[in-house]
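Peer 1: could you work out the structure for the sequence below:
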Amino acid sequence: MRIKGWEKISGLTYKGLTMVNPIHDANETKYMADVLNLNLPQKPKWELVVLTPSNTFRAVNDDKFHIMLWDEDKLSARKQVSKDEMKSIKNFRMMVEDLIDEILSLQLTMAPISSSMNLPTFDAYIAQRKMNIK
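Peer 2: From the prediction side, this is the model:
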């Protein structure tokens, strides 16, 4: 099953992430694109993959499109959508935006705690208390 207008997703941007290099396999059952994070100086590349219902490498045999997005750390978000939901680039864009939001929220929850949030030592706490008492 072919996705009409796949080439048109090149340049779509959401929250500083831009889709580029849309390609598909020879059978038009696997569609791929790179997603560049323009918010960061090194511009890390995310991967977007869409498997059509006729793709043979899907784990589930159904009539849905499987959309998957991975960031540079291999955090992923997935969505299964019907043929009707894939009929327009507008609908597809909204689904990809949801996946981007999901990965961005995962990145926030997985981020290490900043070292600038160090709590004062007990000695510093006592010294501050002594200064406040005087």
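
Peer 1: what sits against Glu102?
Peer 2: Applying C-beta atoms under 8 Å, 6 or more residues apart in numbering, we find Glu102 in contact with Ala77. Backbone N, C-alpha and C define where each C-beta goes, glycine included.

Peer 1: in a helix, it, correct?
Peer 2: Yes - applying DSSP: H, G, I helix; E, B strand; the rest coil, one finds Glu102 inside a helix.

Peer 1: in this protein, which residue is most central in space?
Peer 2: Taking C-alpha atoms, centre = their mean as the criterion, Ile100 is the residue nearest the geometric centre of the chain, at 3.6 Å.

Peer 1: that residue and Thr29, how far apart?
Peer 2: Ile100 sits 24 Å away from Thr29, going by C-beta to C-beta, to the nearest Å.

Peer 1: ok, now Leu40?
Peer 2: The value you get for Leu40 to Thr29, if C-beta to C-beta is used, is 32 Å.

Peer 1: what of Ser88?
Peer 2: From Ser88 across to Thr29, the span is 20 Å (C-beta to C-beta).

Peer 1: these two - which one has more neighbours?
Peer 2: Taking neighbours as other C-beta atoms under 10 Å, Ser88 and Thr29 compare with Thr29 leading, 19 against 12.

Peer 1: neighbours of the residue lying closest to the more buried one once chain neighbours are set aside, just the number please.
Peer 2: Leaving aside its sequence neighbours, Thr29 sits nearest to Asn55 (C-beta to C-beta, 6 or more residues apart in numbering; 4.0 Å). Using other C-beta under 10 Å, Asn55 is surrounded by 18 other residues.
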